[in-house]
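S.K.: turn this into a model:
(chains A and B)
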Protein chains: 2
Amino acid sequence: MDINALRDAHPDHWMRATAIRALTLDAVAAANSGHSGMPIGMADVATVLWSKHLKFDAKTPTWADRDRFILSAGHGSMLLYALLYLSGDEQITLEQVKNFRQWGSRTAGHPENFHADAIEMTTGPLGQGIAHSVGFAMAEEILRARFGKAAMNHHTYVIAGDGCLMEGVSQEALGLAGRYELGRLIVMWDNNDITIDGKVSLSDRTDQVARFKASGWHVQEIDGHDPEAIDAAITAAKKVTDKPSMIACKTHIALGHAAQDTSKGHGALTNAEQNADAKAGWGWTTGPFEVPAEIKSWWEEIGTRGAAEREAWGGRIASMSDRKQAEFARTMAGDAPKKLSSVIRALKKQSTETEPKVATRKASEMVLEVINPVMPETVGGSADLTGSNNTKTGDMGVFDTDNRGGRYVYWGIREHGMSSAMNGMGLHGGIRPYGGTFMAFTDYARPAMRLAALQQTPTVFVMTHDSIGLGEDGPTHQPIEHLAISRATPNTLVFRPADVVETAEAWEIALTQKTTPSVLSLTRQNVPTVRTQHKTNNLVEKGAYVLADAEGKRQVILMATGSEVAIALEARDLLQAEGIGTRVVSMPCFELFEAQDEAYRKRVLPGGPVRVAVEAATRFGWDKWLLGERGREAKAGFVGMDGFGASAPAETLYEQFGITAEGVAAKAKSLL
Amino acid sequence: MDINALRDAHPDHWMRATAIRALTLDAVAAANSGHSGMPIGMADVATVLWSKHLKFDAKTPTWADRDRFILSAGHGSMLLYALLYLSGDEQITLEQVKNFRQWGSRTAGHPENFHADAIEMTTGPLGQGIAHSVGFAMAEEILRARFGKAAMNHHTYVIAGDGCLMEGVSQEALGLAGRYELGRLIVMWDNNDITIDGKVSLSDRTDQVARFKASGWHVQEIDGHDPEAIDAAITAAKKVTDKPSMIACKTHIALGHAAQDTSKGHGALTNAEQNADAKAGWGWTTGPFEVPAEIKSWWEEIGTRGAAEREAWGGRIASMSDRKQAEFARTMAGDAPKKLSSVIRALKKQSTETEPKVATRKASEMVLEVINPVMPETVGGSADLTGSNNTKTGDMGVFDTDNRGGRYVYWGIREHGMSSAMNGMGLHGGIRPYGGTFMAFTDYARPAMRLAALQQTPTVFVMTHDSIGLGEDGPTHQPIEHLAISRATPNTLVFRPADVVETAEAWEIALTQKTTPSVLSLTRQNVPTVRTQHKTNNLVEKGAYVLADAEGKRQVILMATGSEVAIALEARDLLQAEGIGTRVVSMPCFELFEAQDEAYRKRVLPGGPVRVAVEAATRFGWDKWLLGERGREAKAGFVGMDGFGASAPAETLYEQFGITAEGVAAKAKSLL
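M.R.: Next up is the predicted model:
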């Protein structure tokens, strides 16, 4: 690559972009770790995008109508940090750049949205940025339809690498964005032909241009080092409003460095001599972390350019009706409406009176039927299991090309893409996403479910068919370890409600979270109402509580969740009939129980009695509650699954695997 | 659809295919559950494939050189059961078909490979069949290169539905098959335009033909009810040897039934009147489960047609050298060579002498360097992290279009596709696959990892960078819950070895499994050799063992795995220096420890002493060992992670999160 020619062709642009390159080299060298090549290669694209197109105001990174910029190739985090520092972000300072990848700094190895307001999402696991961006773009469409383009009217830009496009989830994203004609989604592909193991051709020969077109995208191919071509392509992409756009930017990884166009260039370029040579070749003469004043002030000017537009937007918001303003503010803040708790309470009261015997997936639908009318910010959906997940209520409308205000999304058979896009909607703000699939397919959604927890977005994962109780579909569809998987994940609330009342309480908690995702584990099969006495309080909020206490001397405590709570109650009847005092504790949420004070936990689970837990799943993770948290004589048993399930009617399976009232009672008696 | 016209055009074919349709209707009606529409729609394709192309011998379903038939759209399991019953499979009898989806039957809701020899793999989770098929086809290429086409010379056929193609993993499979020019892989797409939620267009408009072509596939489009077109297309596909083939078969789901071309047709068609009407329309006049004798005998004839070819194959095998025959038989049986244990022992002995301080990922490479030369059936690879996962050894060669015998695969950034394809290789037989990625990306591979466990294939997942010890890449890359995820999964061995010796022992166990996959959790950072005394026995085989016993009165037991074993040993030094007798138990494999008898477990973890576990991961799942399995006074603590990690140098992170010898000693003392 002839660096001189590039520099001479656009000298001003070159030096502005090279500020990114130099800061990257310096920060990675100081940290002695990181990824140098991508920011160096994509500096031109990023400079043109940020300076000529991206709508932002560096001093107000939380402006609701800013363009969203997603660095899907998150390992190139220095690209983002350099852009933020240069343009005057108040959190990503020079000091932070100098502390790249160090303890306590905002400039983590991969961009973390909780470290700085201007970081839209956490990226690093490949493909997630492009998959989340579908949700950002859908959120914008839905909010524009709801609040008008005076309030919401922006683009979503993504920089994605070869890795992002090789991950399967990218195809789910492509399909969704193409189907829903997300014309304001613009993806810039860093087409540098290099992966960690070598040339892309080592493992892939996919014609990406043809592939994007096959999914309904508008595609352009450009020289990613030519600022005029970049500008023209972005301009053209913005004009195409009925298709998402992909711009294939042919670039050289680690441009102008000895490692240019090699796998080595992907990683940390720390050789001082080579780095000095690269800088000399670029024409960059200042010292480490030093950006010439005129370049820095040009960038800062870019950072302020959106201020007027933001102010105009503020004026438009202020001219909306008070009610609309308040509603816009409330939904963008993620606050639940006051009416939520009253509709939940009313449903609870009604259910304790009528005692419906329904599956908890149906219970969830009953809850959504009362919630969705009072929470217009909810957007529901399912990965092609709408009738099974019971996620669609009457009033929602269907999101489509001719109904942008529709609040129900047919995600297709794309659990991963759905989950990523839901996170994206939540991160955009203004939307409360929930979506369903079978619980066993937690596996497909895992990368997005973990990211929801890490990046603190309160997505609600509606996981139905949550045990062998789904019956004949057999072991591929029967979750065994999936409750444990979500319970083991930090910052995740896992609810397994026992009936309509607990389901309503779980939803109330899930929809009032601001930084924690929730998993609702729901049955396919019918279960009786176990909460037959109305309580105004949300008992699920305690995580676990005494549902039925022992009569006489307390000899046994049965702990259960979801569909097994009714079995525990039956077992209690059997035990009490033999004079064995038995308490039943419903444990719909381990995490919330763990968060209670020790006194409460001990009141619910006092030492002494035999403990038996019942859950049609693995024991893994239950021993904490079975064996006590510390010093007690533990006599404990578990009734559940110790292997995969099988294909047969649900009742047969419960019988064959011994998850019955008789089995539970026998287990308790064997321990007495 | 004019059924009469179809029937009149090819009357014999029609009735033979309709035997599948009728059996499906009857079995689903009897079970009152299942999926009727797909087998009915794809009966023509399947009939032509099985009768004119598929190389099989119904009486010898385990014939090593049979064509593989993968029903990726596993919900249409009755298609496979009908084909097997009709063609004379001895396990899938009429009785089994009548017991579709019942307890104890071989005819599970979705095909389960452990229920019948002729079922190549477990399908149901969508996309897995097509993704696994890449591994089947690669295994055939590799074995053909190794043993010659006299021994191995077959095709892999797949039936996939719209759901399979919408799942992201399908793109990973497409990319791999196209890149590696798997010309003997032929996918028939059931292009019926219907998903559970409605028309495919509700959620997808992808041009699948263009998409497959973009990934380098040969594509044909045909009427999936025209037997001549089907035959011609398969014939043409077989002639294309340098590209995988996709045949888009336009079909009508639930053809000729009232539910034809509707979502309802996807599920269980149980309306007796509608079913009777459908049969009448098809011209099917016999009673439930009755197949006219001439049709049944025609099918049985199909089932025997391959016998001569199988015998000829047997003759060719018999004419190979004794040594080659024995090697072919050994590798197809999945037996480890005798030399394995001796090379492992030698490496262990050497390591106890030299005490290398290396990362366990490097230790794994050292093990592979001695294993791969004596196990020519191993095929290694990495999802674009070869240098990080340390999975490539010198002697392997690289699998490529011009080197089919190469034993190393560059999988690209496709953790999910890699894992599925590895399972496929193992299921094909003759290959011992292992492959690497970062442990946090267990999430991407989960659907395939679970399927490995369920379908009992001993894939080895090499998961490096297994804790905060990876340092600066930060929380997206730092596993916290991933040990728990794999430990919670049934039929999975999870190894977290502490040094070279334990790593060698873990590999030896993993490579001698026949029905259980293994996960190797390996460090990025260097660790000292802790096994400094040579033992011939494989201590990891016990799951946990006393690494260093207490001097003086045993007051404390420290349990640790992997990189934390060295920390526990240091903590022991601190405690012993204060006169506190401390035992250190290394616990490289929970599952194997659990499998030991109670006496051994109690010898290793006797009641009485304070227990502290150290693992740079979540506590979730540890309480079983911390609190004892039953009745004992438990004073227990855990030193590990209770949230996500952070971006900083590894040593800083261990310090900041308190996972240090001092922290462990303090925790133990606080409990005394």
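
S.K.: please, which helix or strand holds residue A:436?
M.R.: strand A:432-438 (DSSP states H and E).

S.K.: remind me what that strand packs against, helices and strands.
M.R.: Other elements packing on strand A:432-438 under the criterion 3 or more C-beta pairs under 8 Å, 6 or more residues apart in numbering or on different chains; DSSP states H and E are strand A:378-382, helix A:386-389, helix A:415-428, strand A:460-464. All C-beta atoms are positioned from the backbone trio N, CA, C, and that covers glycine.

S.K.: and among the ones you listed, the most buried is which?
M.R.: The highest mean neighbour count among these, using mean count of other C-beta atoms under 10 Å in any protein chain shown, belongs to helix A:415-428: a mean of 31.

S.K.: remind me what that one packs against, helices and strands.
M.R.: In terms of contacts (3+ C-beta pairs under 8 Å, 6+ apart), helix A:415-428 is packed against helix A:128-147, helix A:168-179, strand A:378-382, strand A:432-438, helix A:442-454.

S.K.: low-confidence stretches in the stretch 501-650 of chain A?
M.R.: Applying pLDDT under 70 to the stretch 501-650 of chain A picks out residues A:629-634.

S.K.: what do you get if the cut-off is 90, keeping everything else the same?
M.R.: Low-confidence segments of the stretch 501-650 of chain A (pLDDT under 90): A:607-608, A:627-635.

S.K.: can you map out the helices along it?
M.R.: A:564-577, A:590-594, A:598-604, A:623-626, A:650-656 (DSSP state H, counting those that start in this stretch).

S.K.: need the ones you listed in TSV with mean neighbour count and distance to residue B:362, can you?
M.R.: Output for the helices of the stretch 501-650 of chain A, formatted as TSV (neighbours: other C-beta atoms under 10 Å in any protein chain shown; distance: least, C-beta to C-beta, whole Å):
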stretch	mean neighbour count	distance to residue B:362
helix A:564-577	22	46
helix A:590-594	19	37
helix A:598-604	14	44
helix A:623-626	22	34
helix A:650-656	18	46
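
S.K.: need the helices and strands packed on strand A:432-438 in CSV with mean pLDDT and distance to residue A:578, can you?
M.R.: Compiled in CSV, these are given as follows (pLDDT from 0 to 100; distance: least, C-beta to C-beta, whole Å):
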stretch, mean pLDDT, distance to residue A:578
strand A:378-382, 98, 46
helix A:386-389, 98, 40
helix A:415-428, 98, 46
strand A:460-464, 98, 36
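
S.K.: show me what contacts residue A:339?
M.R.: residue A:374 (C-beta atoms under 8 Å, 6 or more residues apart in numbering or on different chains).

S.K.: to residue B:225, which of the helices and strands packed on strand A:432-438 lies closest?
M.R.: helix A:386-389 (28.0 Å; C-beta to C-beta).

S.K.: in contact with residue A:213: list those residues for me.
M.R.: By C-beta under 8 Å, 6+ apart, the neighbours of residue A:213 are A:219, B:210.

S.K.: repeat that for the one 5 residues further on.
M.R.: Under the criterion of C-beta under 8 Å, 6+ apart, the contact partners of residue A:218 comprise A:237, A:240, A:243, A:244, A:245, A:246.

S.K.: so where's the stretch 351-500 of chain A shaky on pLDDT?
M.R.: A:395.

S.K.: helices along the stretch 151-300 of chain A, start to end?
M.R.: For the stretch 151-300 of chain A, the helices defined by DSSP H, counting those that start in this stretch cover A:162-166, A:168-179, A:208-214, A:227-239, A:272-282, A:293-304.

S.K.: please identify the most buried of those.
M.R.: Mean neighbour counts for the helices of the stretch 151-300 of chain A (mean count of other C-beta under 10 Å) peak at helix A:168-179, with a mean of 30.

S.K.: output the contacting helices and strands for that one.
M.R.: Packing contacts for helix A:168-179, counted by 3+ C-beta pairs under 8 Å, 6+ apart, involve helix A:128-147, helix A:415-428, helix B:168-179.

S.K.: in TSV: those helices, plus distance to residue B:466.
M.R.: Below are those laid out as TSV (distance: least, C-beta to C-beta, whole Å):
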stretch	distance to residue B:466
helix A:128-147	21
helix A:415-428	23
helix B:168-179	23
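
S.K.: so which of those helices is nearest residue B:53?
M.R.: Closest to residue B:53 of those is helix B:168-179 (C-beta to C-beta; 18.9 Å).
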